[in-house]
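Undergrad: A predicted structure for the sequence below; I have some questions about it.
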Amino acid sequence: MSMQLDVFQALADPTRRRVIEALRDGEQQVGDVVEKAGVHQSGVSRHLRILHESGFVSMRPDGQRRLYALKSEPFREIEEWLGPYRKLWEGRLDRFEAALQTRQGRQDKRSKTK
Amino acid sequence: MSSQASRSEAKVVIERTYRASIEDVWALWTTKEGFESWWGPQGFRADVQELDARAGGALRYDMVADSPEMIAAMKKMGQPASHATRSRFSEIEPRSRLVLTNVIDFLPGVAVYESNIAVDFTSTGDSVRMVITLDAMHSDEFTKMQKGGFTSQLTKLDKRFA
C-alpha cells in the first residue's frame, strides 16, 4: 500500500475541499487557485500535489506554466459510495407514497359513506 | 448544532412531489400511526414508543427486523433483531418544515453524536413538494450499515471520520 490517500481521506481536509471548489471553474494555474481559495501559495501547492497523487486533480505543463484541473473518477466513486444510502431513501419514499394513497383511500371512503 | 457541522458536510438531497394534501403528508411525519406506516427501512418496521411533534419533542422508536431474510441477516452479523432509536424534532414549523435529529449512540468506541434529517414542504394546488436534506455520512441507517459491515469500505471510512 502506498502513502497515497483514498478519496475520503483526501476530502477530509477542509482546505483541500476549498481547493477543489476553486477548480470547479475549470483548468487553471496555482495563482488562480490561491486567489479563489484564499489559501497561502505554499498550502495550495502542497494540497494540489496531494490531490494530484490521490487522483482528484490532473496536471499538465503548458510552457512555463502548470495547469491543474479536476478529474471525474473520484467523484464517481463518491456517488457509488452514496448509492446504497440514496436507494434506502428512494425505497422509503416509495413507501411514503403508498402510505399516502392508503390514507387518502380511507378518507375518500369515509366521505362517500357520509 | 454548529459543533456538528464539520462532521456532517456530506449532504444528500432528495425531492419528491406527491398528489396529496399537506395535512396528510404532514401527518405521515408527525403522528405515530403515520410514521409507522412507511418509515421502515425495507425489512424493518418501526414501533413508535413516543412521538411528540413539538419543537424539542421526542421521537423514540424500535427498529424491528420483520422479514425472515432480515432476521436471518441480523443474526448472522451478530446484531439483535430490534434496535431502539432516539430522535427529537429539533425544528417544527407546522406544514412547512421539520428537522429530525437522530442520536447516534451505538457505535463502540465512538463518542455519541447527532445527525439531522431536514424536510421542507411546499404545498401548491393539489400537490405537495417534499425536499429532504440528509447528513449522509453520519446518518443513523448509514452508520448501522457501516457497523454491520455491509462493505469494508464503509467501515474504513467511519474510522477515518471518527
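TA: Perfect, I can see it now. Note that this is a predicted model, so its numbers are computed, not measured.
Undergrad: quick one, longest helix in chain A?
TA: helix A:73-113 (DSSP state H).
Undergrad: which strands and helices sit next to that helix?
TA: With contacts defined as 3 or more CB pairs under 8 Å, 6 or more residues apart in numbering or on different chains; DSSP states H and E, helix A:73-113 has these neighbours: helix A:7-11, strand B:11-19, helix B:22-30, strand B:127-135, helix B:140-147, helix B:152-161. Every C-beta, even on glycine, is put in place using the N, C-alpha and C of the backbone.
Undergrad: ok, of the ones you listed, where does mean pLDDT dip lowest?
TA: If you rank these by mean pLDDT, helix B:152-161 sits at the bottom with a mean of 40.
Undergrad: low-confidence ranges, the chain, go.
TA: Since you didn't name a chain, this refers to chain A. Within chain A, the segments meeting pLDDT under 70 span A:1-6, A:8, A:110-114.
Undergrad: ah, no, chain B please
TA: B:1-10, B:106-111, B:136-162.
Undergrad: ramachandran angles for the residue sitting furthest away from the middle of it?
TA: Distance to the chain centre peaks in chain B at residue B:125, reaching 28.6 Å (criterion: CA atoms, centre = their mean). Dihedral pair for residue B:125: phi 60, psi -120, per degrees, to the nearest 10.
Undergrad: how near is residue B:45 to chain A?
TA: The spacing between residue B:45 and chain A, counted by CB to the nearest CB, to the nearest Å, is 11 Å.
Undergrad: show me the contacts for that residue.
TA: Taking CB atoms under 8 Å, 6 or more residues apart in numbering or on different chains, we find residue B:45 in contact with B:36, B:63, B:64, B:66.
Undergrad: pipe those residues into CSV and attach secondary structure, distance to chain A and neighbour count per row.
TA: Formatted as CSV, those follow (DSSP: H, G, I helix; E, B strand; the rest coil; distance: CB to the nearest CB, whole Å; neighbours: other CB atoms under 10 Å in any protein chain shown):
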residue, secondary structure, distance to chain A, neighbour count
B:36, helix, 9, 17
B:63, strand, 12, 21
B:64, strand, 16, 16
B:66, coil, 13, 15
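Undergrad: between those, which sits nearest residue B:17?
TA: residue B:36 (23.4 Å; CB to CB).
Undergrad: isn't that closest one right up against residue B:47?
TA: Yes. Counting by CB atoms under 8 Å, residue B:36 touches residue B:47, with 7.0 Å between them.
Undergrad: which residues do the two both contact?
TA: With CB under 8 Å, 6+ apart as the test, residue B:36 and residue B:47 both reach residue B:61.
Undergrad: in chain A, which residue is most central in space?
TA: Central residue of chain A (CA atoms, centre = their mean): residue A:75, at 5.5 Å.
Undergrad: how close does that one sit to residue B:99?
TA: 28 Å (CB to CB, to the nearest Å).
Undergrad: and what of residue A:34?
TA: Per CB to CB, residue A:34 is found 37 Å from residue B:99.
Undergrad: so what's residue A:40 up against?
TA: Counting by CB under 8 Å, 6+ apart, residue A:40 touches residue A:34.
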